[in-house]
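**Student:** No sequence on hand, only this structure:
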């Protein structure tokens, strides 16, 4: 929605009338709503909710912008700008949550929506057995924050972005791929939060991701193999897609810290997809796994991030995502060994360049960092304002998030990362110490049960390690373990010079299902004696 | 104005097309009122109602196209969406795969809208949740669940004169009910266009029964077993396979339907001869939109007949390149079965495992359609036609192609997740490890 029409429908403020009406495709994506208008509209919502009987209310006025580019081989398939704006109002009335949302941003519609949220809360209160209990939050007043990007991806000409993808595609085809699809996802969440606690937080969040899949086909055998990008989604601007040799780590394939060389990775992918067609099929058995951060990030996500979501632990996600093996009694005993003493896992909503970085979460709690697992022992969870009292804690962890103005906010995973090893150690030095192992790069197939015990992971690139040396590429590799067996098999992590972020752009949870984006950092890490199975089949 | 009728939608889209200066312009408009109640630990946790209308505008100059979406509908916002899509189109390189917009097509009548569903109230949702929660509480079980209803419309119009409109309603219910000690878990789900078919109390009884019966599950050795797959246990596997059945992928050699030498397996028998899969937008139990997102007409089509692949969805671009018929992806599919219920199928099994549902299914190898996942919320050992005891959940690594070759018996199809799937008895289903998850 354009700011001028926003002002018109709300009847608020005249300070911004000079904003040009004929916004271009670029400008329309970077033009935020006026903060004064958002504050006034939020107050309409909060006042209406309170007048209708709410004991607490928050309002989120969101403008969610995305630009997506899709290509394959030498062709652009689609270029899409999306824009969605509206308000979501959440209330507590009679001790029960209620939520309603509307895209109609005039005062009357907003007030009616607030009353509807209260009516829903009242309707549901009759089957409510435990009143909602919120941890206290001190109102922060009017605050603003934005992802500290260097180059706003939305400001980069479409042509430049399209050419980057097409150049990457050409590199993959030249490298040996038969096909390649590549995309560029750019996300900008302009979100304004206000609550009856007195916080008015205006935030401008940016994320970027450039995934691809290169496929090599051998028509004579009917065999095909793919290799996906090992670049990751980041909470950064377009600067992430500008190569910087200082951010590159060489090895079996180049890997990247905070600047990604998409074209070089695509070139490697073409070559490697072709190499996979004739790679040796893995012998099933027990192996020591050396896991690159581009792979381990997903294992962290599934076997640490999700099991330590307090809503899962308590049973609130029982009908969809499931519950968790990491139950409160294990945490309360104080010595539950989640992993070996090498394992330190931290949650951090402030981590630089991460997907989950904010200043305030979607219920007005300031971002913070805290331990989840320290020296292998489970020490804490991830919680929101209405949950932390169940941990006998009085400060929310700031884990509330909604993927749209139209979605109700709930507990979502913060960035969860494995601390690097303290002793100097490079991936090459780690591999030299492995007698029988597999070095895995990139995320592949992943599956884990509803309590996060039994897990199975694949990858993009697999290299056999024999007596400290990489001897060649493997295929059909997938490993199975349980979360605690896996983390207790952790024997070493490389040092901070190898630490990199990975992430997931569309992590699904909740009903109705919502997505969120979250990062996971780690260095290359070794896990001993993990069961590897061979996934080759004949049909 | 969230639920626009055909006239209102056309009027708005005609206005948008009037703003267009491009060589071609197409507008897709969708609107919905959705309501939901979510409960867990025997109490309502969240509930909400959301109204939204979204418009997608695609403009094109020759083979250069751009898309913009918007959910605000004042004239200035509408015009800006058109201008944005035009600017994106002008800035875009040419897309070889861009196809000219379709002119008016003949569409079947839509069958997906039920007025009673569009009139669901907050009180109805609260009662539907209570009908699941209160019996669970009384039985000292713990219920979690989700009820989600919607009244929606989709419309499209373009500068070639095409106009299409489809209103629909739907309600989805699922519940997971667990024993208080967490050793047992049961599940049930229902989805309908017509809310009058939904009885959350009856569905919850199924989940309650499974929760109680699944407590204190025994471990068995992983391996190959005969399984009785309830529809929820096989639907995702079949759905994933169906989603990989594109004509272009098969031609390009990167599909399980590709053959060595560059040919495809269309016309070949790939499955047991009892496997027949079709789609029908006017099916009374499982209707869907009679037109696709790009304006192609959906018709009743048979995709697999007697185990033989008959035809594959094919984009307009690929159809033109190869001189094929363009065939849109269907909105839901129906696998033909027999007449017996799951309970009746169990009676015919000498030794096997009953699987209520499967979970977290992910592709392991697209070449063979190998998927992994786990059983969940009610896995039982069956012997001599009767459920003997609950077993621990199991991870499988299996291909639906193999699964649909190993059919012993098919039961009566039921609607699940927008498809119709029969319960089935399948031999040699591959379980690779045990899970402690309940």
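**Tutor:** On my side now, so go ahead. The structure displayed is predicted, hence computed values, not measured ones.

**Student:** mind checking how far the nearest residue to residue A:418 once chain neighbours are set aside is from residue A:444?
**Tutor:** Among residues not flanking residue A:418 along the chain, residue A:522 sits closest, at 3.9 Å (Cβ to Cβ, 6 or more residues apart in numbering or on different chains). Every residue, glycine included, has its C-beta placed from N, CA and C. Relative to residue A:444, residue A:522 is positioned 17 Å away (Cβ to Cβ, to the nearest Å).

**Student:** When these two are compared, which one has more neighbours?
**Tutor:** residue A:522 (27 against 22; other Cβ atoms under 10 Å in any protein chain shown).

**Student:** Give me the pLDDT value at that one.
**Tutor:** Looking at residue A:522, its pLDDT stands at 98.

**Student:** Hmm, residue A:420 and it touching each other?
**Tutor:** Yes: when contacts are counted by Cβ atoms under 8 Å, residue A:522 is listed as touching residue A:420 (7.1 Å).

**Student:** hey, what's in contact with both of those two?
**Tutor:** A:493, A:499 (Cβ atoms under 8 Å, 6 or more residues apart in numbering or on different chains).

**Student:** show me what contacts the residue nearest to residue A:418?
**Tutor:** Per Cβ under 8 Å, 6+ apart, neighbours of residue A:522: A:293, A:296-297, A:300, A:417-418, A:420, A:493, A:499-500, A:502.

**Student:** For the stretch 101-250 of chain B, what lies in contact range of chain A?
**Tutor:** Remark: the part of the stretch 101-250 of chain B in contact with chain A comprises B:122-123, B:125-126, B:129-130, B:133-134, B:142, B:144-146, B:148, B:174-176, B:178, B:182, B:185, B:187, using Cβ under 8 Å from any Cβ of the partner chain.

**Student:** Can you select the buried ones from the residues you listed in PyMOL?
**Tutor:** PyMOL command restricting those to the buried ones, with burial defined by 16 or more other Cβ atoms under 10 Å in any protein chain shown:
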select buried, chain B and resi 122+125+126+129+130+133+142+144+145+146+148+174+175+176+178+185+187
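
**Student:** just checking, which of the residues of the stretch 101-250 of chain B next to chain A belong to helices?
**Tutor:** B:122-123, B:125-126, B:129-130, B:133-134 (DSSP state H).

**Student:** What is the nearest of these to residue B:418?
**Tutor:** Among those, residue B:125 lies closest to residue B:418 (Cβ to Cβ), at 20.7 Å.

**Student:** from memory that closest one sits against residue B:49, does it?
**Tutor:** No: here residue B:125 does not reach residue B:49: they are 9.3 Å apart, not a contact under Cβ under 8 Å.

**Student:** between the two, what contacts are shared?
**Tutor:** With Cβ under 8 Å, 6+ apart, residue B:125 and residue B:49 have common neighbours B:35-36.

**Student:** Could you give the bridge partners of the residue nearest to residue A:418?
**Tutor:** Going by DSSP bridges, residue A:522 is paired in beta bridges with residue A:500.

**Student:** any chance you could map the strands in the stretch 301-450 of chain A?
**Tutor:** For the stretch 301-450 of chain A, the strands defined by DSSP state E, counting those that start in this stretch cover A:345-348, A:369-374, A:377-378, A:400-401, A:410-411, A:415-418, A:436-448.

**Student:** Select, out of these, the one closest to residue B:212.
**Tutor:** Residue B:212 lies closest to strand A:436-448 among those, at 26.3 Å (Cβ to Cβ).

**Student:** is chain B contacted by the closest one?
**Tutor:** Yes: Strand A:436-448 lies within reach of chain B by Cβ under 8 Å from any Cβ, at A:445-448.

**Student:** Quick check: mean pLDDT of the next helix or strand after that strand?
**Tutor:** Once the chain leaves strand A:436-448, the next helix or strand it forms, by DSSP states H and E, is strand A:454-466. Averaged across strand A:454-466, pLDDT comes to 98.

**Student:** what lines up beside strand A:454-466 in the sheet?
**Tutor:** Checking strand A:454-466 against DSSP bridges gives partners strand A:436-448 (antiparallel), strand A:469-475 (antiparallel), strand A:477-482 (antiparallel).

**Student:** Can you mark which positions in stretch A:100-109 are buried?
**Tutor:** For stretch A:100-109, by 16+ other Cβ under 10 Å, it's A:100-107, A:109.

**Student:** For residue B:304, the count of nearby residues, please.
**Tutor:** Neighbours of residue B:304 using other Cβ under 10 Å come to 22.

**Student:** does it count as helix, strand or coil?
**Tutor:** Here residue B:304 is strand, with the state taken from DSSP: H, G, I helix; E, B strand; the rest coil.

**Student:** Select the helix or strand of chain A having the lowest average pLDDT value.
**Tutor:** When the helices and strands of chain A are compared on mean pLDDT, DSSP states H and E, helix A:3-10 comes out lowest with a mean of 27.

**Student:** re earlier: closest one to residue A:242 among the strands paired with strand A:454-466?
**Tutor:** Closest approach to residue A:242 among the strands paired with strand A:454-466 is made by strand A:436-448 (21.8 Å; Cβ to Cβ).

**Student:** Which phi and psi values does the residue of the stretch 151-300 of chain A found nearest chain B adopt?
**Tutor:** Relative to chain B, the nearest point of the stretch 151-300 of chain A is residue A:222 (3.5 Å; Cβ to the nearest Cβ). Backbone geometry at residue A:222, expressed as degrees, to the nearest 10, gives phi 80, psi 10.

**Student:** The spatially closest residue to it that is not a sequence neighbour in helix, strand or coil?
**Tutor:** Nearest residue to residue A:222, sequence neighbours excluded (Cβ to Cβ, 6+ apart): residue B:260, at 3.5 Å. Taking three-state DSSP as the rule, one finds residue B:260 in the coil state.

**Student:** For residue B:260, give me its contacts.
**Tutor:** By Cβ under 8 Å, 6+ apart, the neighbours of residue B:260 are A:219-222.

**Student:** Export those to a markdown table and append columns for pLDDT, neighbour count and secondary structure.
**Tutor:** Formatted as a markdown table, the contacts of residue B:260 follow (pLDDT from 0 to 100; neighbours: other Cβ atoms under 10 Å in any protein chain shown; DSSP: H, G, I helix; E, B strand; the rest coil):
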| residue | pLDDT | neighbour count | secondary structure |
| --- | --- | --- | --- |
| A:219 | 91 | 17 | coil |
| A:220 | 92 | 10 | coil |
| A:221 | 92 | 12 | coil |
| A:222 | 92 | 19 | coil |
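
**Student:** residues near residue 348, how many?
**Tutor:** Defaulting to chain A. Residue A:348 has 19 nearby residues by other Cβ under 10 Å.

**Student:** should've been chain B
**Tutor:** Neighbours around residue B:348, by other Cβ under 10 Å: 14.

**Student:** Just to check, it is in contact with residue B:425?
**Tutor:** Yes: counting by Cβ under 8 Å, residue B:348 does reach residue B:425; the two are 7.2 Å apart.

**Student:** Mutual contacts of these two, please.
**Tutor:** Taking Cβ under 8 Å, 6+ apart as the contact rule, residue B:348 and residue B:425 both touch residue B:409.

**Student:** Helices of chain A, start to end?
**Tutor:** A:3-10, A:25-30, A:35-51, A:107-124, A:158-175, A:262-277, A:293-300, A:310-314, A:328-332, A:427-432, A:483-488.
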